[in-house]
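Q: I would like the atomic coordinates for the input below:
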Amino acid sequence: MLGSLVIVYPTAHQGGELVLRHKGREWKFNANALTSSQSSPSLAYVAFYSDIEHEVLKVTDGSRVTLTYNLYLVPHDPTSQIPGSPNLPLVSVKPNLKDITNFQATLRQFLQSPEFMPEGGTLALNLAHLYPVTFDTELEEMIECLKGEDAHVYQSCRELKLEPVLQMIYNERSDWGGYDTLAKFGVMMEVIVENPIYSYEHSSYERTLVEREGGIPVNLQNDVLATNSEYWNGDNPKEEYEQLTWLTDFSKSANELRDAGLQYGNECTLGYIYCSPCLIVRIDPASDRI
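A: Down below sits the predicted model:
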């Protein structure tokens with residue numbers, strides 16, 4: 001499910017504004033104000049992504065009548081056509097997003113400099129949105145479902161001849177013993193993992209992911225080394241690690257798996273959860289980029 005489309009009919013009412021919230025920002029959609037200002041009866045509509053928190057305020061007078069559609073992404077078949085519809089060409093419109101343009105121009109400038117990651121390395125950043133998945137979902141499948149700025153950042157990397165990939169990064173969810181492992185180290189994986197069976201007496205959550213699930217220890221801050229992680233044993237050459245250079249602050253809340261039925265969507269469902277993987281971009285040495 002990509003999002004929702006809400007159509008509000010021009011019935012007289014007061015209140016009932018739709019409030020949308022995302023990443024600390026808030027928007028208010030007042031359909032009654034829009035429709036009542038028109039000279040003829042008109043519909044008001046709004047569409048928003050499924051991970052956007054939304055609330056309908058109390059209707060204080062009249063009746064608020066709406067029609068809500070769930071929006072889904074489906075594989076595109078260029079040969080398909082709705083019966084009776086005109087054969088219109090498909091048009092791809094790329095929004096003029098200043099921040100995305102600046103991101104691509106800045107990254108291009110860095111890649112052209114031999115002083116930027118002269119030996120190569122790995123860039124990492126959080127996605128802006130959450131996505132519905134199951135434990136069987138392949139992260140590669142989510143590329144076609146990226147929303148808004150996530151899609152444009154991914155495409156910007158592709159246009160610069162890079163090969164960005166999606167990875168889940170798991171980290172401890174408790175500040176045990178006063179030592180905050182959340183902010184420093186985590187485990188990167190190519191798959192979405194259900195809670196593995198482990199015992200605090202013998203192993204940690206991350207240790208289990210590394211030893212049993214093939215996870216790779218990583219740093220969650222730019223000023224620490226992944227090799228200092230307690231989840232990596234430098235005496236064991238079989239265990240890998242990867243040092244990440246973060247373009248955004250790692251957000252532990254954004255990478256948690258969330259129950260869709262509790263917070264998002266129009267219906268309570270147990271079939272899907274929401275998550276937000278990280279975008280990982282591996283950079284070649286400067287000698288191979290120039």
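
Q: Give the next helix or strand downstream of the helix or strand of the chain with the lowest mean pLDDT.
A: Ranking every helix and strand in the chain by mean pLDDT, DSSP states H and E puts helix 260-263 at the bottom, with a mean of 42. Heading C-terminal from helix 260-263, the first helix or strand you meet, by DSSP states H and E, is strand 273-275.

Q: partner strands of that following strand, parallel or antiparallel?
A: Here strand 273-275 is paired, per DSSP bridges, with strand 131-133 (antiparallel), strand 258-259 (antiparallel).

Q: Around the closest residue to Phe185 other than its chain neighbours, how many other residues sit close by?
A: Nearest residue to Phe185, sequence neighbours excluded (CB to CB, 6 or more residues apart in numbering): Ser229, at 3.9 Å. To be clear about C-beta, it is placed using only N, CA and C from the backbone, and glycine gets the same treatment. Ser229: 22 surrounding residues under other CB atoms under 10 Å.

Q: ok, back up a step: least confident of the strands paired with strand 273-275, on average?
A: When the strands paired with strand 273-275 are ranked by mean pLDDT, strand 258-259 comes last with a mean of 50.

Q: so where's the stretch 101-250 of the chain uncertain?
A: 101, 172-183, 194-205, 233-239 (pLDDT under 70).

Q: So the residue nearest to Phe185 is in contact with Tyr241, correct?
A: Yes - Ser229 lies in contact with Tyr241 (CB atoms under 8 Å); the separation is 7.1 Å.

Q: Mind listing the shared neighbours of the two?
A: Common contacts of Ser229 and Tyr241 (CB atoms under 8 Å, 6 or more residues apart in numbering): 217-218.

Q: how about the strands in the stretch 1-150 of the chain?
A: 3-8, 13-15, 18-22, 25-29, 44-49, 53-56, 59-62, 66-71, 121-126, 131-133 (DSSP state E, counting those that start in this stretch).

Q: most neighbours per residue, which of those?
A: strand 131-133 (a mean of 23; mean count of other CB atoms under 10 Å).

Q: quick one, what contacts the closest residue to Leu247 other than its chain neighbours?
A: Distances taken as CB to CB, 6+ apart put Leu125 closest to Leu247, at 4.3 Å, once the chain neighbours are dropped. For Leu125, the contact set (CB under 8 Å, 6+ apart) comprises 153, 246-248, 278-279.

Q: switch to 6 Å and redo it
A: Going by CB atoms under 6 Å, 6 or more residues apart in numbering, Leu125 touches 247-248, 279.

Q: Just grab the bridge partners of it for me.
A: Beta-bridge partners, per DSSP bridges, of Leu125: Leu279.

Q: Domain ranges for this protein, per the record?
A: 3-71, 116-289 (automatic domain parsing).

Q: right, so of these, which gets closest to Phe103?
A: domain 116-289 (6.0 Å; CB to CB).

Q: What is the end-to-end distance of the closest one?
A: 11 Å (CA to CA, to the nearest Å).

Q: And for stretch 44-61?
A: Using CA to CA, one end of stretch 44-61 lies 18 Å from the other.

Q: show me where this protein has helices.
A: 31-36, 98-111, 148-159, 205-213, 260-263, 286-289 (DSSP state H).

Q: do you know which of those lies nearest Thr134?
A: helix 260-263 (10.4 Å).

Q: ok, so what distance separates the residue nearest to Phe185 from Leu209?
A: Plainly put, Ser229 is 12 Å away from Leu209 if you go by CB to CB, to the nearest Å.
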